[in-house]
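**Student:** Structure, please.
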Amino acid sequence: MYSVLIIDDEYMILKGLEKIIKWSDYGFEVVKSARNAKQALEYLSTNEINLIITDVNMPKINGLEFVKIAKEQGHQFEFMILSGYQEFDYVRTGLKLGAVDYILKPIDANALVEALKKVKHKLDSQIVMRQDSRTSLNLQIKKLFENDLDKNQIVALFHQLRINPELIGHGLTVIACNRVDDTERIDHLCDEYGQVLKFSQGRVIDIGFIGGRGKLLKFVRELEDRQIITGESFITVGETVYDWNNISQSYEQAVRLSTIYKFYEKSNEFSSNKLRVDWLKQATLPKISLVKVKQAIALDDCEELDKEFLQIFSELSKQGASPSYVRQIAFLIYSEINAKIGHNNDDYQGYVMRINNSENLQDIINILKEVLEKVSVGDPLNKDYSENIRRVIEIIKKNYQDDLNLRYVSDCLHLNSDYLGQLFKKELKMSFSKYLNEYRIEQAQYLLKETKQSVSEISSKVGYMTTAYFYRNFKIICGISPKEYRKKYV
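**Tutor:** Residues are numbered from 1 along each chain as shown. Below you'll find the model as predicted:
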């Protein structure tokens, strides 16, 4: 039902309007009647209204002056005006102000119904437009988190959200709110903290929280204290990054920690609520950056990887990190390596359990080194993937040079694109766009080493629309520019 506020200084007209039609038959409900503009403004200060029907000729503040004041105060509503036959100048001004329609006194029920139909059509259209806008914005933010926007698209998105790009200097941390049913309460809390960088998919809301450590922890505590996160719902937190290019790193960590949480939950590792609370407490601690680990994997630089392992775990040892926290960091490192290897589900679960059951740092390091030896072994098509995913990988390898996207692939396979995207993510532990992007960079690495083609030629050959976008993605994934890569590895 759309809410209606009626304003008229004549008591009998107010009561007559309330009863002249059955408002609910047309999708409306009269929630308030006011005798003057002051009463109406007081009501608007604490209530939202969809439609206001106001008399134009009232003492002190007339109907049109009321509309101007209410609009200046930031209230949003549609309105109609009531007028007598001698008040057409008022009507004309009202229409200029945006009135949907006007009703002449004495009020005719049929004329009122026809005017309400116009209003309802307009309000319905606004809802559809807002939903479309939210859906589009949701998708754009998701692409930002997955590193699937070019520089111009990022600038446009920040402009739309009114985000100052320099705010990244305060730190950005992705918080994944999992199994959430009341998304509105999270939206309200985000509004309180000025957090606009968020998107939802199903029962998960991912928030790109901008701000320092103290503000972040306060926000997380609010989620728990207000019982927004309670029962089966839980949060996981990625590392804090200080460069917009690294948002995907924080996002991937939050997602991967969600995966391991569900795995522990399913395998009864949380045998008591205390263990569950301890695990979630560790999940909110600041993460050690794994950007260099990820870049070394992309470069197949095992020596650099080994060096990073020792440095990370040496730092954890100095900090006196808890076993639970160390295992979470180890799991994140394993997930990065596994994204390259593509272990089948049994192997994946086996390594997760071994990390979980490890008794000391050296055991964890040995497990990761064992996994590391397999980085350059095998081909994705030889892995234990479903037939549909094997066919997706075949299409990517055959058509990566083209303007390829998930919708095109799903059409080729006669499958729903949402279903295929979820299946791909489940089996490969990464999104379709991320896999395609990394495969293109792998092909670019080969061409940089084995040919004398220019960076611009290689960019086009591996499927990038612009050299700038290729250059940006190459540096994010590999940590060095294409030219630096050629100089170092040729």
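
**Student:** need the contact list for residue 236.
**Tutor:** By CB atoms under 8 Å, 6 or more residues apart in numbering, residue 236 lies in contact with 175-176, 178, 254-255, 257-258, 261, 283. For glycine as for every other residue, the C-beta is placed from the backbone atoms N, C-alpha and C.

**Student:** Pull the most distant pair out of those residues.
**Tutor:** 175 and 261 (13.6 Å; CB to CB).

**Student:** neighbour-wise, which of the two wins?
**Tutor:** Just comparing residue 175 and residue 261: by other CB atoms under 10 Å the higher neighbour count belongs to residue 175, 26 against 22.

**Student:** need the contacts of residue 236 in CSV with pLDDT, secondary structure and distance to residue 419, can you?
**Tutor:** Formatted as CSV, the contacts of residue 236 follow (pLDDT from 0 to 100; DSSP: H, G, I helix; E, B strand; the rest coil; distance: CB to CB, whole Å):
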residue, pLDDT, secondary structure, distance to residue 419
175, 94, strand, 27
176, 94, strand, 22
178, 92, strand, 21
254, 90, helix, 23
255, 89, helix, 19
257, 86, helix, 25
258, 88, helix, 20
261, 83, helix, 24
283, 62, helix, 29
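
**Student:** are any of those residues buried, and which?
**Tutor:** Buried subset of those (neighbour count, 16 or more other CB atoms under 10 Å): 175-176, 178, 254-255, 257-258, 261, 283.

**Student:** any residues touching stretch 252-261, and which ones?
**Tutor:** Identification of contacts with stretch 252-261 by CB under 8 Å, 6+ apart yields 174-176, 178, 204, 206, 234, 236-239, 279-280, 283, 287, 290, 328, 331-332, 335, 352, 429-430.

**Student:** what about the residue sitting nearest the centre point of the chain, helix or strand, and which?
**Tutor:** Geometric centre of the chain, nearest residue: residue 199, 2.1 Å, by CA atoms, centre = their mean. Here residue 199, judged by DSSP states H and E, is contained in strand 198-201.

**Student:** What strands line up against that strand, and which way round?
**Tutor:** strand 204-210 (antiparallel) (DSSP bridges).

**Student:** Counting neighbours, which bits of the strand it pairs with end up buried?
**Tutor:** 204-210.

**Student:** quick one: which of those is nearest residue 4?
**Tutor:** The nearest one, if we look at these relative to residue 4 and count by CB to CB, is residue 205, at 33.1 Å.

**Student:** I figured that closest one hits residue 177, correct?
**Tutor:** Yes. With contact defined as CB atoms under 8 Å, residue 205 counts as touching residue 177 (4.5 Å).

**Student:** Where do the strands of the stretch 1-150 of the chain begin and end?
**Tutor:** Assigned by DSSP state E, counting those that start in this stretch, the stretch 1-150 of the chain shows strands spanning 2-7, 28-34, 51-55, 78-83, 101-104.

**Student:** which residues make contact with the strand holding residue 199 from outside it?
**Tutor:** Residues outside strand 198-201 that contact it (CB under 8 Å, 6+ apart) are 137-139, 141-142, 145, 183, 186-187, 190, 205-208.

**Student:** Present these as CSV; the columns should include distance to residue 356.
**Tutor:** What follows is the contacts of strand 198-201, written out as CSV (distance: CB to CB, whole Å):
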residue, distance to residue 356
137, 38
138, 34
139, 35
141, 33
142, 30
145, 27
183, 32
186, 30
187, 35
190, 33
205, 27
206, 25
207, 27
208, 29
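
**Student:** May I ask you to name the longest helix in this structure?
**Tutor:** Of all the segments of type helix in the chain, defined by DSSP state H, the longest one is helix 109-145.

**Student:** could you say what helices and strands it packs with?
**Tutor:** Contact partners of helix 109-145 among helices and strands, from 3 or more CB pairs under 8 Å, 6 or more residues apart in numbering; DSSP states H and E: strand 2-7, strand 78-83, strand 101-104, helix 151-161, strand 198-201, strand 204-210, helix 247-266.

**Student:** in the chain, what spans have low per-residue confidence?
**Tutor:** For the chain, applying pLDDT under 70 flags the ranges 85-91, 268-276, 278-286, 374-383.

**Student:** Let me see the domain layout of it.
**Tutor:** Residue ranges for the domains of the chain, per automatic domain parsing: 2-129, 146-259, 382-489.

**Student:** To residue 360, which of these lies closest?
**Tutor:** It's domain 146-259; of the domains of the chain, that one is closest to residue 360 (CB to CB) at 22.0 Å.

**Student:** OK, contacts around residue 196?
**Tutor:** Shown in contact with residue 196 (CB under 8 Å, 6+ apart): 161-163, 190.

**Student:** closest to residue 346 among those?
**Tutor:** The shortest gap between residue 346 and any of those belongs to residue 190, at 39.4 Å (CB to CB).

**Student:** Would you agree that closest one is in contact with residue 207?
**Tutor:** Yes. At 6.4 Å, residue 190 and residue 207 qualify as touching, with contact defined as CB under 8 Å.

**Student:** coming back round to it: tell me the two of the contacts of residue 196 that are most distant?
**Tutor:** For these, the maximum inter-member distance is 14.2 Å, found between 162 and 190 (CB to CB).

**Student:** before we move on, back to that, give me the subset of the contacts of stretch 252-261 lying in strands.
**Tutor:** Using DSSP state E, the subset of the contacts of stretch 252-261 located in strands is 174-176, 178, 204, 206, 234, 236-239.

**Student:** circling back: could you dump the strands of the stretch 1-150 of the chain to JSON lines with mean neighbour count?
**Tutor:** Listed next are the strands of the stretch 1-150 of the chain as JSON lines, based on neighbours: other CB atoms under 10 Å:
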{"stretch": "strand 2-7", "mean neighbour count": "22"}
{"stretch": "strand 28-34", "mean neighbour count": "18"}
{"stretch": "strand 51-55", "mean neighbour count": "25"}
{"stretch": "strand 78-83", "mean neighbour count": "24"}
{"stretch": "strand 101-104", "mean neighbour count": "19"}
